[in-house]
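[1] can't give you the sequence, but here's the structure:
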């Protein structure tokens, strides 16, 4: 396995271009960019993405934003990031990880399921509050699909 590292980030705004790969609206990103813990994803010494984790409860970690440069997608790196993060947060006493994605994000829906996450909840009309309407795969982004995975023993 190639060297993958999660490196804590201080200057979060310099990573906005990565965050925009996973969240279409900079106004929305600016609402959560300073929450939780943010990490640069380093692969073989090159920064290829970013991950932002928030903590909605003392037992739950939320993957608020996980973005990889397009050239590094589909190679198992995203799953490695999830596994590494799960290990880090499990050691800190967290029990579950959750992630939300748009109903229109077919690739993300498949990604989380392949990584062992299960459908957990739906936040109806979540994306109707976004300043701009968006479409992916010819589907309007309307609802947020929430996935959950246990990281306890």
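    That came through, no problem. The model shown is predicted, which means the values in this text are computed figures rather than measured ones. Numbers count the residues shown, from 1 in each chain.

[2] okay, CA-based contacts and neighbour counts for the rest of this
    OK.

[3] quick one: the strands in the chain?
    Counting by DSSP state E, the segments of the chain that form strands are 4-8, 37-43, 46-57, 60-68, 96-102, 118-123, 135-136, 139-140, 144-150.

[4] hmm, who's touching the lengthiest helix in the chain?
    Determined from DSSP state H, the single longest helix within the chain is helix 77-91. The contact list for helix 77-91 (CA atoms under 8 Å, 6 or more residues apart in numbering) reads 4, 6, 41, 61, 68, 97, 115, 151-152.

[5] enumerate the positions of it that are buried.
    Using 16 or more other CA atoms under 10 Å as the test for burial, helix 77-91 gives 77-79, 81-82, 85-86, 89-90.

[6] what angle do it and strand 60-68 make?
    Interaxial angle, helix 77-91 versus strand 60-68 (axes from the mean of the first three to the mean of the last three CA atoms, to 10 degrees): 150 degrees.

[7] now do the same end-to-end measure for stretch 20-29.
    For stretch 20-29, the first-to-last residue distance is 8 Å (CA to CA, to the nearest Å).

[8] off-centre distance for it?
    Taking CA atoms, centre = their mean, to the nearest Å, the mean C-alpha location of stretch 20-29 is offset from the chain mean by 12 Å.

[9] hmm, who's touching it?
    With CA under 8 Å, 6+ apart as the test, stretch 20-29 has contacts from 16, 19, 65-69, 130-132, 134.

[10] ok, back up a step: now pLDDT, neighbour count and distance to residue 53 too, for the contacts of helix 77-91, in a markdown table please.
    Listed next are these as a markdown table, based on pLDDT from 0 to 100; neighbours: other CA atoms under 10 Å; distance: CA to CA, whole Å:
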| residue | pLDDT | neighbour count | distance to residue 53 |
| --- | --- | --- | --- |
| 4 | 94 | 17 | 17 |
| 6 | 96 | 18 | 12 |
| 41 | 97 | 24 | 13 |
| 61 | 98 | 24 | 6 |
| 68 | 96 | 21 | 15 |
| 97 | 98 | 25 | 9 |
| 115 | 96 | 15 | 17 |
| 151 | 97 | 19 | 15 |
| 152 | 89 | 15 | 17 |
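
[11] nearest to residue 12, of these?
    When the contacts of helix 77-91 are ranked by distance to residue 12 (CA to CA), residue 41 comes first, at 13.1 Å.
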